[in-house]
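>>> Return a 3D structure for these sequence lines:
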Amino acid sequence: MSAVALMSPEWAQAYRELWNATPETREGGKELSMVIEWRVQGEAGPVSQIEIKQGEAVYGGEPIPDRKPDFVLTAASAVWRRVAAGEISAANAIMTRKIKFVGPVKVAMSHMPVLSTGLRLVGEVDGLVWGD
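Numbers count the residues shown, from 1 in each chain. Modelled structure (predicted):
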């Protein structure tokens, strides 16, 4: 197993597979089509994007050229780790700005079960290196 940096394109590819293999995200997100950009706060390091079409993650990797993300999620690696471990809920992390969230909040809140499951999947990538 090789090391995978948090929010790197390699992380995004593995995350895409986890998303599709998880019924709560795949089935629960059938109404969702979006591009999510993932970032680690305070680092000039990797940025990745996940594209979801009707609940299926169809892309995971480097930012898609000329494609503005629908949502941008930014947090310190320690916060990503706490959310992934279930120590902080996704809703709490967003509302308290531990995760800086840019995008239509109403859409996110109306799909909170999918969002919560998706954020917990962040830490399930094999070989993940948190960087904190």
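>>> wouldn't residue 67 be in contact with residue 36 here?
No - look at residue 67 against residue 36 with CB atoms under 8 Å: they stay out of range, at 11.5 Å. All C-beta spots, glycine's among them, are computed from the backbone N, C-alpha and C.
>>> who has more neighbours, these two?
Each of residue 67 and residue 36 has its neighbours counted (other CB atoms under 10 Å); residue 36 has more, 22 against 12.
>>> Which strands or helices does the helix or strand the more buried one falls within pack on?
Using DSSP states H and E, residue 36 sits in strand 34-40. If you count contacts as 3 or more CB pairs under 8 Å, 6 or more residues apart in numbering; DSSP states H and E, strand 34-40 packs onto strand 48-53, strand 71-75.
>>> Please tabulate those in CSV, including the columns mean neighbour count.
What follows is the helices and strands packed on strand 34-40, written out as CSV (neighbours: other CB atoms under 10 Å):
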stretch, mean neighbour count
strand 48-53, 21
strand 71-75, 21
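>>> Tabulate those strands in JSON lines, adding columns for distance to residue 104 and mean pLDDT.
Formatted as JSON lines, those follow (distance: least, CB to CB, whole Å; pLDDT from 0 to 100):
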{"stretch": "strand 48-53", "distance to residue 104": "14", "mean pLDDT": "96"}
{"stretch": "strand 71-75", "distance to residue 104": "8", "mean pLDDT": "95"}
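>>> will you turn those strands into a markdown table that also has distance to residue 131?
A markdown table is the format used below for these (distance: least, CB to CB, whole Å):
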| stretch | distance to residue 131 |
| --- | --- |
| strand 48-53 | 14 |
| strand 71-75 | 12 |
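>>> Report how many residues lie close to residue 97.
9.
>>> next SSE after the helix or strand of the chain with the lowest mean pLDDT?
Least confident helix or strand, the chain: helix 105-110 with a mean of 87, by mean pLDDT, DSSP states H and E. Next helix or strand after helix 105-110 toward the C-terminus (DSSP H and E): helix 112-121.
>>> hmm, back to that, show me the common contact partners of residue 67 and residue 36, please.
Between them, residue 67 and residue 36 share these contacting residues under CB atoms under 8 Å, 6 or more residues apart in numbering: residue 49.
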